[in-house]
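A.B. asks: coords below, sequence missing:
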Ligand SMILES: Nc1ncnc2c1ncn2[C@@H]1O[C@H](COP(=O)(O)OP(=O)(O)OP(=O)(O)O)[C@@H](O)[C@H]1O
């Protein structure tokens with residue numbers, strides 16, 4: 001039998017101690033207050049909870065464990081009981097303790113939702129202005145539910161955002177464990193490799209474009225598809241059904257009422273939370289006729305920070321990097337494989353022109369009344385003709401399940417009819433790869449994939465608008 005070597009435990013304990021030569025700062029957070037901090041892009045802040053209890057957007061910090069927050073994060077550590085934190089390795093861009101935490105409000109809301117978790121849990125939709133704290137609220141509600149032994153479905157409908165997947169996807173994930181605080185995408189998924197926590201298995205529909213307004217018809221189509229998949233999951237899993245659904249969204253205004261309605265019906269929403277906008281609440285009350293939906297307004301936290309375009313892109317690049325390479329504490333080793341270009345069918349989402357949104361909404365409302373079969377798939381996505389280095393280099397591809405596609409037929413032709421596009425859009429993503437190089441002369445494609453594979457599990461690839469630079 002193997003014997004226990006005490007020096008191993010000692011070395012782990014030593015790792016959690018900041019080096020004595022390092023300049024260690026101490027911050028005390030009184031009960032019901034929060035310490036807000038921002039870390040610069042190139043820095044890494046190390047943090048340890050040395051006394052009391054504390055949490056970041058609902059996820060508890062373990063005592064005496066060193067956490068590393070890689071650059072470009074804007075977060076807060078909240079404490080119910082009061083706590084003492086140590087931080088070192090770099091100075092935050094800004095840091096202060098605030099008395100104005102919204103967590104008390106979130107807790108009251110959580111307790112209200114908890115009462116609904118009997119047979120079928122609450123289906124919550126969170127909407128509000130840009131950077132109003134929608135994601136922070138969804139994370140907090142999901143964490144509190146998980147702490148009470150529930151498994152809520154966390155749904156992300158913001159293609160610029162990412163939860164257990166890379167950006168460009170609409171996703172739904174049953175939350176069965178803590179979020180990984182050090183990972184910008186909240187944790188690892190089954191496609192990426194090992195994980196500290198129970199690996200999450202997100203259901204992802206690849207939208208592939210950055211903004212929902214880049215193709216509203218496609219966006220609404222995928223919302224319906226994801227809604228169907230989530231309902232199926234709830235019907236087959238009583239624990240998840242009892243826990244309910246929490247839906248995070250991009251910044252909608254009343255102009256996107258049709259989309260809000262689409263989400264309400266697709267996910268059978270019964271609680272609609274409006275963060276920080278009384279105007280939106282009043283407008284929604286006027287329009288929403290559905291008596292099954294309770295509308296509630298929540299205050300926007302004074303800690304919310306505006307994320308400009310550059311900052312969001314930095315975070316997106318980081319989430320892609322972490323998908324393939326992991327984080328410092330848990331590094332992953334992606335694999336490179338070379339495949340023949342002609343063995344694959346590429347489809348990409350269509351970008352619609354930036355047309356007047358109210359015109360598009362009317363157009364879509366008509367479509368809704370028509371039977372689903374009449375969807376014009378040509379408006380949603382198209383086949384990539386003559387794929388080569390100019391279109392593929394540095395791109396992110398989504399591996400689409402091709403079991404419903406007659407791949408031989410499409411490999412031997414350039415057709416892109418409904419029988420190709422529909423199953424493409426109806427399938428969920430099996431994972432993602434990154435095009436390291438496309439050699440036009442040799443007709444070869446070198447791809448970075450997260451797990452060791454001899455060949456890809458599919459011949460159909462969805463080309464997203466997202467690029468990554470190593
Ligand atoms: N109480 C807080 N203290 C410090 N930072 C916070 C706090 N609440 C939110 N933030 C930060 O503010 C930023 C905006 O919050 P969040 O991303 O939750 O807003 P959002 O409404 O989901 O944004 P988007 O409109 O882009 O979807 C994020 O960087 C988040 O980490």
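C.D. replies: Done, it's in. Computed from a prediction, not measured in an experiment: that's the story for all the values here.

A.B. asks: all contacts plus neighbour counts: C-alpha atoms, from now on.
C.D. replies: Fine.

A.B. asks: average pLDDT across the lengthiest strand in the chain?
C.D. replies: In the chain, with assignment by DSSP state E, the single longest strand is strand 429-439. Here strand 429-439 scores 93 as its mean pLDDT.

A.B. asks: Report the distance from it to the chain centre.
C.D. replies: 20 Å (CA atoms, centre = their mean, to the nearest Å).

A.B. asks: hmm, who's touching whichever helix or strand comes after it?
C.D. replies: Next in sequence after strand 429-439, counting helices and strands by DSSP states H and E, comes strand 444-449. Strand 444-449 is contacted by residues 324, 334-341, 432-439 when judged by CA atoms under 8 Å, 6 or more residues apart in numbering.

A.B. asks: What subset of these is buried?
C.D. replies: 324, 334, 336-339, 341, 432-438 (16 or more other CA atoms under 10 Å).

A.B. asks: Tell me where the stretch 201-350 of the chain has helices.
C.D. replies: 216-236, 238-243, 257-266, 278-287, 309-325 (DSSP state H, counting those that start in this stretch).

A.B. asks: Just the buried positions in stretch 437-453, please.
C.D. replies: Those would be 437, 438, 444, 445, 446, 447, 448, 449, 450, 451, for stretch 437-453 by 16+ other CA under 10 Å.

A.B. asks: looking at the sheet around the fifth one, what are its partners?
C.D. replies: Note on residue 446: beta-bridge partners residue 338, residue 437, judged by DSSP bridges.

A.B. asks: Please apply the same query to residue 275.
C.D. replies: residue 128, residue 298.

A.B. asks: Can you name the residues of this structure that neighbour the ligand?
C.D. replies: 36, 74-76, 130-136, 250-251, 301, 303-306 (CA under 6 Å from any ligand atom).

A.B. asks: can you give me the strands for the stretch 51-200 of the chain?
C.D. replies: In the stretch 51-200 of the chain, the strands defined using DSSP state E, counting those that start in this stretch lie at 55-56, 59-60, 67-70, 73-79, 83-88, 94-98, 123-128, 153-156, 169-174.

A.B. asks: ranking these by burial, who's on top?
C.D. replies: strand 169-174 (a mean of 26; mean count of other CA atoms under 10 Å).

A.B. asks: Buried ones from the residues of the chain next to the ligand, can you make that a ChimeraX selection?
C.D. replies: A single ChimeraX command is used to select the members of those judged buried by 16+ other CA under 10 Å:
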select :36,74,75,76,131,132,133,134,135,136,250,251,301,303,304
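
A.B. asks: what stretches of the stretch 301-450 of the chain score poorly on pLDDT?
C.D. replies: Within the stretch 301-450 of the chain, the stretches with pLDDT under 70 are 353-373.

A.B. asks: just the strands in it please.
C.D. replies: Ranges of strands in the stretch 301-450 of the chain, per DSSP E, counting those that start in this stretch, are 326-327, 330-331, 335-340, 345-349, 381-383, 395-400, 429-439, 444-449.

A.B. asks: Within the sheet, what are the partner strands of the fourth one, with directions?
C.D. replies: Sheet pairing of strand 345-349 (DSSP bridges) gives strand 381-383 (antiparallel), strand 460-467 (parallel).

A.B. asks: cool, the first one as well?
C.D. replies: Here the strand partners of strand 326-327, with direction, are listed using DSSP bridges: strand 330-331 (antiparallel).

A.B. asks: so how far is the partner strand off the chain centroid?
C.D. replies: Relative to its parent chain, strand 330-331 has a centroid offset of 20 Å by CA atoms, centre = their mean.

A.B. asks: same thing with stretch 25-42?
C.D. replies: For stretch 25-42, the distance to the chain centre is 24 Å (CA atoms, centre = their mean).

A.B. asks: Now do the buried residues in it.
C.D. replies: Buried residues in stretch 25-42, defined by neighbour count with 16+ other CA under 10 Å: 28-40.
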